[in-house]
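Q: okay, structure incoming, though there's no sequence with it:
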């Protein structure tokens with residue numbers, strides 16, 4: 001059976017494409033749909049269905065644009081209530097794609113409409129199952145996201161539904177089935193996902209903690225709900241876009257892909273209050289950037305960090321990018337619902353500087369230089385996640401995770417120099433740029449982050465399990 005996984009690393013997202021006898025189907029597509037359409041055209045096929053496993057929280061799906069451009073039927077599972085034309089399937093309903101069949105298996109728990117799709121080949125054999133966020137490789141979907149949109153749901157209720165779905169709908173299936181999840185390691189939709197993106201169901205039954213034999217519902221809930229971090233701030237907004245609809249990607253690109261001369265760029269920034277988002281790497285940003293801009297580099301987890309650090313999807317955005325990278329930045333912004341990009345700086349920072357415009361910079365030092373500064377009892381702020389900090393950190397460092405800095409601005413000293421670091425320098429430059437935009441000036445970033453710090457003699461504290469202190 002021809003099943004193609006289309007994996008997008010920056011979102012740890014997997015879409016799926018199947019084709020048989022000139023008919024094709026897409027499962028959980030991303031916002032930009034032309035690659036899927038081109039894939040079908042290359043196969044001489046017509047896209048018949050767009051299957052959605054649930055209303056996604058971590059990205060805006062491309063189902064509406066696929067429907068408009070190809071005439072494909074959008075399919076959701078039971079309980080879905082989309083605000084546009086779509087087929088809400090029944091549990092057990094079967095769809096035909098050429099000689100293939102797709103069987104709907106309602107698996108509520110991650111959300112109440114969550115649905116898996118059983119793939120049946122041209123010989124009538126069950127080949128695999130597209131599980132969405134119900135079952136990952138090594139994990140299952142977190143059950144606390146839907147409650148941020150639907151007020152009468154609780155994570156405890158959803159966890160109970162998920163336990164039942166896994167035990168009654170997924171685990172009785174053949175061990176030979178291939179599991180095709182919607183996400184891999186790095187996604188915020190789970191907590192223990194493997195770097196592998198497919199596996200057999202039989203192996204998952206042996207290795208996935210959530211599928212452990214003889215596990216009680218109480219045990220399942222406790223293990224699933226322990227250690228959940230706060231979901232990214234943009235998740236509920238993306239859910240609502242996926243439920244209610246959104247403007248086409250083509251119209252977003254038409255508005256956003258405007259090359260602006262420095263003067264026009266400056267006018268829009270000043271008169272419309274647009275946020276200047278610089279997507280270059282941390283080193284280039286540190287050396288020279290437009291005052292009051294913030295840095296979130298394209299080379300990292302760009303879209304999720306935009307969603308975390310820019311609270312309003314409607315914020316007008318102006319882009320500073322490397323040459324030829326504007327379209328990529330616009331596309332990746334739109335994947336998480338940021339559709340109000342007003343244009344990008346033509347010629348990048350070179351044109352800005354050539355026009356004699358004001359520039360700013362951020363001080364950066366090596367880990368070796370930090371080693372010398374440590375003798376002065378300088379304040380060190382670690383912006384990694386709490387779990388990273390708890391595992392290992394500089395003795396005496398203060399932990400303020402990047403996604404929490406806006407809630408803890410009072411903890412950053414204004415009257416004395418302080419040093420920021422993360423794991424490798426990506427997140428700390430985001431933090432530095434936001435702090436500088438808000439008036440902090442005596443800050444320094446560490447090149448290479450904690451990875452470089454560990455190569456020095458700076459004292460590092462290892463995590464100590466509380467049980468060893470008894």
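A: Arrived safely, thanks for sending. It should be emphasised that the depicted structure is a prediction, and the values quoted were computed from it without experimental measurement.
Q: which elements pack onto the lowest-mean-pLDDT helix or strand in the chain?
A: Per-element confidence for the chain was summarised using mean pLDDT, DSSP states H and E. The lowest value among helices and strands belongs to strand 460-462, with a mean of 87. The contact analysis (3 or more C-beta pairs under 8 Å, 6 or more residues apart in numbering; DSSP states H and E) places strand 460-462 against strand 392-394. (C-beta placed from N, C-alpha, C; glycine too.)
Q: list the buried ones in the strand it packs on?
A: By neighbour count with 16 or more other C-beta atoms under 10 Å, strand 392-394 contains the buried residues 393, 394.
Q: and that strand, which strands flank it?
A: Taking DSSP bridges as the criterion, strand 392-394 pairs within the sheet with strand 460-462 (antiparallel).
Q: how about residues contacting the strand it pairs with?
A: 391, 392, 393, 394, 395, 453, 454 (C-beta atoms under 8 Å, 6 or more residues apart in numbering).
Q: swap the cut-off to 7 Å and go again
A: If you take C-beta atoms under 7 Å, 6 or more residues apart in numbering as the criterion, strand 460-462 is touched by 392, 393, 394, 395, 454.
Q: for these, work out which two are farthest apart.
A: The largest separation in those, counting by C-beta to C-beta, is between 395 and 454 at 12.8 Å.
Q: neighbour count: the two, which is higher?
A: residue 454 (13 against 10; other C-beta atoms under 10 Å).
Q: so who does the more buried one touch?
A: If a contact means C-beta under 7 Å, 6+ apart, then residue 454 has residue 460 as its contacts.
Q: show me where the stretch 51-200 of the chain has its helices.
A: Secondary structure of the stretch 51-200 of the chain (DSSP state H, counting those that start in this stretch): helices located at 63-70, 155-165.
Q: of all the ones you listed, which one is nearest residue 307?
A: Closest among these, once you apply C-beta to C-beta, is helix 63-70, at 19.6 Å.
Q: quick check: residue 189 vs residue 412, distance?
A: 31 Å (C-beta to C-beta, to the nearest Å).
Q: neighbour count: those two, which is higher?
A: With neighbours defined as other C-beta under 10 Å, residue 189 and residue 412 compare such that residue 189 has more, 25 against 19.
Q: what sits up against stretch 20-30?
A: Judged by C-beta under 7 Å, 6+ apart, the contacts made with stretch 20-30 from elsewhere in the structure are 8, 13, 15-18, 36, 40, 43-53, 59, 61-63, 66, 97-100, 102, 117, 122, 130, 132, 182, 335.
Q: quick one: buried ones out of the residues you listed?
A: The neighbour-count test (16+ other C-beta under 10 Å) marks 13, 15-18, 36, 40, 45, 47-53, 59, 61-63, 66, 97-98, 100, 102, 117, 130, 132, 182, 335 as buried among the contacts of stretch 20-30.
Q: among those, name the ones in strands.
A: 13, 15-18, 47-51, 97, 100, 102, 117, 130, 132 (DSSP state E).
Q: what's the pLDDT at the nearest residue to residue 315 once chain neighbours are set aside?
A: The spatially closest residue to residue 315, leaving aside those adjacent along the chain, is residue 275, at 5.4 Å (C-beta to C-beta, 6 or more residues apart in numbering). Looking at residue 275, its pLDDT stands at 97.
Q: partners of residue 275 in the sheet?
A: residue 317.
Q: tell me the domain boundaries of the protein?
A: By the assignment in automatic domain parsing, the chain contains the domains 3-237, 248-354, 363-468.
Q: follow-up on the earlier one: count of neighbours near the residue nearest to residue 315?
A: Using other C-beta under 10 Å: residue 275 sits among 20 other residues.
Q: how about JSON lines for the helices of the stretch 51-200 of the chain, with distance to residue 205 and mean pLDDT added?
A: What follows is the helices of the stretch 51-200 of the chain, written out as JSON lines (distance: least, C-beta to C-beta, whole Å; pLDDT from 0 to 100):
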{"stretch": "helix 63-70", "distance to residue 205": "31", "mean pLDDT": "98"}
{"stretch": "helix 155-165", "distance to residue 205": "15", "mean pLDDT": "96"}
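Q: list the buried ones in the least confident helix or strand of the chain?
A: Judged by neighbour count using 16+ other C-beta under 10 Å, strand 460-462 contains no buried positions.
Q: distance from the chain centre to that strand, please.
A: Here the centre of strand 460-462 is set off from its chain's centre by 30 Å, with C-alpha atoms, centre = their mean, to the nearest Å.
Q: any weak-confidence spans in the stretch 1-150 of the chain?
A: 146-150 (pLDDT under 70).
Q: show me where the stretch 251-400 of the chain has its strands.
A: Across the stretch 251-400 of the chain, reading from the start of the chain, the strands by DSSP state E, counting those that start in this stretch fall at 259-260, 275-278, 294-295, 317-320, 341-345, 363-365, 379-382, 392-394, 398-399.
Q: quick revisit: Serialize the contacts of strand 460-462 to CSV and add fields for distance to residue 447 and pLDDT.
A: What follows is the contacts of strand 460-462, written out as CSV (distance: C-beta to C-beta, whole Å; pLDDT from 0 to 100):
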residue, distance to residue 447, pLDDT
392, 19, 96
393, 18, 97
394, 15, 97
395, 21, 95
454, 14, 96
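Q: which one of those residues is nearest residue 313?
A: Proximity of the contacts of strand 460-462 to residue 313, judged by C-beta to C-beta, is greatest for residue 393, which lies at 33.9 Å.
Q: next one: residue 464, what pLDDT does it get?
A: Spelled out, the predicted local distance difference test score at residue 464 is 49.
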